[in-house]
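In: predicted coordinates and the sequence they were generated for:
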Amino acid sequence: MTIGDFSRAVRLTAKALRFYHRQGVLVPAHVDDHNGYRLYTPEQIPDAQTVRSLRTLEVPVEVIREVVSTPDVELRAELISHHLARMEDKLEETRTAVESLRAMLERPRPQSEIIHRSVAETRVVAISESIDLRDLGAWFRRSVSTLQDIAESADPDMIGSFGGVWPDDLIVDGRGTATLYFAIQDGFDESILHSGAEVLVLPAVELAVARHEGPDALVPQVYAALGEHVARHELRIDAPVRETYIEGFPGIDEHCVIDIGWPIFRVFR
């Protein structure tokens with residue numbers, strides 16, 4: 001089949017077919033050495049239809065190459081399943097963004113009370129990992145689940161609040177070391193740790209704190225109010241923001257209470 005006939009049969013443009021040839025995704029059965037004409041066989045039509053369907057689902061080209069080239073059906077399903085999970089995370093992020101925009105339009109900006117808080121050096125059980133910002137949602141949910149599992153196995157008297165440490169570079173550069181934790185007392189049984197959790201010591205810090213209470217969509221507004229306050233009235237230091245999860249978890253529970261702490265250098269009381 002000429003590239004024109006094949007294009008009509010599989011509903012892919014000739015330009016797309018040339019691209020997939022260059023990428024090693026859909027290689028013609030024969031390429032004429034003299035004129036470069038690409039020829040395809042009818043047996044390649046199912047592969048081309050698969051490529052078209054996967055691209056409609058925004059599957060990356062490198063993943064499509066693996067799916068089409070492997071004869072292992074289970075591996076094909078696993079590759080596609082991983083991409084579907086990424087799409088679900090993206091849909092969740094889109095939903096959150098839509099809710100945030102709707103909240104911005106429909107609700108007045110919250111008048112957050114700003115307080116000062118001195119946080120002493122704190123021992124915690126933490127999961128800390130360098131991640132891309134686009135992976136934050138999935139990483140957060142997975143890490144919360146792991147920490148909750150560990151906390152449920154611990155002596156309740158040994159554990160305190162859950163929290164997160166969020167460095168500037170995660171937001172500014174799109175990649176950074178995110179940390180989720182729960183506070184612990186001396187005597188905590190470290191033998192129950194698993195899945196990358198470890199005991200860390202968070203340094204002491206002075207914070208300007210605003211409390212968020214309500215749906216996750218309103219968290220950005222509280223951050224904005226706190227950031228404006230710090231810019232106008234505080235001396236900011238180069239340290240990561242800290243969140244303390246009083247009730248629920250953002251992106252997981254419909255309603256949550258979070259203390260958001262912006263690190264500052266106190267010059268008055």
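Out: Yes, it's here.
In: so what touches the helix or strand hosting residue 49?
Out: Assigned by DSSP states H and E, residue 49 belongs to helix 45-56. Residues from elsewhere that reach helix 45-56 (CB atoms under 8 Å, 6 or more residues apart in numbering): 6, 9-12, 17, 20, 25-26, 40, 63-64, 67-68, 80. Every C-beta, even on glycine, is put in place using the N, C-alpha and C of the backbone.
In: swap in 6 Å and give it another go.
Out: The contact list for helix 45-56, computed with CB atoms under 6 Å, 6 or more residues apart in numbering, reads 9-10, 12, 26, 64, 68.
In: same deal with stretch 196-205?
Out: Taking CB under 6 Å, 6+ apart as the rule, stretch 196-205 contacts 119-127, 150, 190, 263.
In: show me those residues that map onto helices.
Out: Under the assignment DSSP state H, the contacts of stretch 196-205 contribute residue 150 to helices.
In: tell me which of the contacts of helix 45-56 fall in strands.
Out: Among those, none falls in strands (DSSP state E).
In: sort those residues by pLDDT and name the bottom one.
Out: Here the lowest pLDDT out of the contacts of helix 45-56 sits on residue 68, with 82.
In: next up, the contacts around that residue.
Out: Taking CB under 6 Å, 6+ apart, one finds residue 47 in contact with residue 68.
In: the inter-axis angle of the longest helix seen in the chain versus helix 45-56?
Out: Ranked by number of residues, the top helix in the chain under DSSP H is helix 73-106. Inter-element angle recorded for helix 73-106 and helix 45-56: 30 degrees (by axes from the mean of the first three to the mean of the last three CA atoms, to 10 degrees).
In: quick revisit: which of the contacts of helix 45-56 are buried, as a ChimeraX select command?
Out: Selection of buried members from the contacts of helix 45-56 for ChimeraX, criterion 16 or more other CB atoms under 10 Å:
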select :10,12,26,64,68
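In: export the contacts of helix 45-56 to CSV and tack on distance to residue 237?
Out: Formatted as CSV, those follow (distance: CB to CB, whole Å):
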residue, distance to residue 237
9, 64
10, 59
12, 55
26, 55
64, 47
68, 52
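In: where in the chain is pLDDT low?
Out: For the chain, the stretches flagged by pLDDT under 70 are 100, 103-111, 268-269.
In: what segments of it are helices?
Out: Going by DSSP H, the chain shows helices at 3-10, 14-22, 45-56, 61-69, 73-106, 136-153, 168-172, 219-233.
In: just to revisit the earlier point, show me what the longest helix of the chain is packed up against.
Out: Other helices and strands packing on helix 73-106, by 3 or more CB pairs under 6 Å, 6 or more residues apart in numbering; DSSP states H and E, are helix 61-69, helix 136-153.
In: format those as JSON lines; extra columns: distance to residue 87.
Out: Listed next are the helices and strands packed on helix 73-106 as JSON lines, based on distance: least, CB to CB, whole Å:
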{"stretch": "helix 61-69", "distance to residue 87": "12"}
{"stretch": "helix 136-153", "distance to residue 87": "11"}
